[in-house]
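Peer 1: Provided below for reference: sequence and predicted model.
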Amino acid sequence: MKKLPLQNVSYRYILKSYQEWLDILGYAPITVATLPSHVKELLHHLEQHNIHSIKSITSQHISSFLQHIHQRSNQTKAGALSSNTIRKIVLAINSFNRYLQTTGKHDLNIVPVRLSKDQLDRIILTKEEVAQLFEATYASTNSARGTKRRGAGTIYGQRDRAMLAVLYGCGARRNEAIQLDITDIQRDNRLLHVRHGKGGKKRLVPITPAGMDYLTTWLDEGRPRFTENKDKTTEALFTNQSGQRMQDFYQRLKLLHQTAQLDKPLTPHGLRHSIATHLLHAGMELEDISRFLGHSTLESTQIYTHILDDYGHQL
């Protein structure tokens, strides 16, 4: 939206000042170029609604703009804006507000705009970004506290790869992954038995050869080191260093996200949405994806046809 006209002189001045502020703070050149372009769209939207002063902007105006970008058409292809583009616009608004506050020009008096959990979950990773996550599991600094400990990197990395094999490779929900036991891995048939699916549903999910290798290595090498010599043990597939059932998948993903240096937010459900979108992009039938994910109705799976429209060009 770089060609949007901006008639207001004060808006043009403050936009240039904002760009210089980003440059002085040492932001990457691409960021210095793109964030102001998104803010320009906001300012243009305000002009069209007769808001001609920064000090007149309220939280209601910001909400109106966000509603506008969720509805406006994509300028480069058919359909609406992708979730990733909307995320970048939201990032620009928050950055612009920090600039106004820091320089004393104005305080928009808005709570930092955040994407809803649903929007976060539906941000799709590309296959290259998934590969970056797997690569990040080999980093030496990937213990729970981010510290280097002899042997810890190998054990945590083995568990992280097995975790990604289940959350991404098998499309398991976070709660499903938490409830998995070691007996739920059928090695001979390369199947994952999800016994605690949503709504009490059970299903068998195929495991890729690479995923099976990751799970086997974790079960035979890494997991025993977490459970040996413990007073209390568990049958859980994923255990913490105390030998108990692992609960905090978000923390592990946060560390992997930092190590992989991904720009997109990362959640367990986002990985599930990513594999479903990748499978649809590869030609799998919607009915098969529905069974793979354990959906109760095909309507729940049809959302991926819309997500693929947004992300298909970059997968």
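Peer 2: That came through fine. Numbers count the residues shown, from 1 in each chain.
Peer 1: put the alpha carbons of the strand or helix carrying T154 into CSV.
Peer 2: Per DSSP states H and E, T154 falls inside helix 152-164. The C-alpha coordinates for helix 152-164 follow below in CSV (Å, rounded to 0.1, in the frame of the first residue of the first chain):
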residue,chain,number,x,y,z
ALA,A,152,21.7,-31.6,28.4
GLY,A,153,21.6,-30.4,24.8
THR,A,154,21.4,-33.9,23.5
ILE,A,155,18.7,-35.1,25.8
TYR,A,156,16.5,-32.0,25.4
GLY,A,157,17.1,-32.0,21.7
GLN,A,158,16.0,-35.6,21.4
ARG,A,159,12.8,-34.7,23.3
ASP,A,160,12.2,-31.6,21.2
ARG,A,161,12.5,-33.5,17.9
ALA,A,162,10.1,-36.1,19.2
MET,A,163,7.8,-33.3,20.4
LEU,A,164,7.8,-31.7,16.9
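Peer 1: 56 is where my numbering starts, stick with that
Peer 2: From this message on, residue numbering opens at 56, which makes the last subject helix 207-219.
Peer 1: the helix or strand containing L363 - contacts with which helices or strands?
Peer 2: Here L363 is covered by helix 358-366, with elements defined by DSSP H and E. Helices and strands touching helix 358-366, by 3 or more Cβ pairs under 8 Å, 6 or more residues apart in numbering; DSSP states H and E, are helix 138-158, helix 323-336, helix 341-348. Every residue, glycine included, has its C-beta placed from N, CA and C.
Peer 1: and these, which is most packed in?
Peer 2: The highest mean neighbour count among the helices and strands packed on helix 358-366, using mean count of other Cβ atoms under 10 Å, belongs to helix 323-336: a mean of 21.
Peer 1: what comes into contact with that one?
Peer 2: 175-180, 182, 185, 219, 222-229, 232, 304-305, 308, 341, 343-344, 347-348, 356, 359-360, 362-363, 366-367, 370 (Cβ atoms under 8 Å, 6 or more residues apart in numbering).
Peer 1: in a strand, L247, correct?
Peer 2: Yes. Applying DSSP: H, G, I helix; E, B strand; the rest coil, one finds L247 inside a strand.
Peer 1: ok, and the closest non-adjacent residue to the residue nearest to the spatial centre of the chain?
Peer 2: Residue closest to the mean C-alpha point of the chain, counted by Cα atoms, centre = their mean, is L321 at 2.8 Å. Leaving aside its sequence neighbours, L321 sits nearest to H312 (Cβ to Cβ, 6 or more residues apart in numbering; 4.4 Å).
Peer 1: work out the gap between whichever strand or helix holds that neighbour and the centre of the chain.
Peer 2: H312 belongs to helix 304-315 when assigned by DSSP H and E. Mean-position distance between helix 304-315 and its chain equals 11 Å (Cα atoms, centre = their mean, to the nearest Å).
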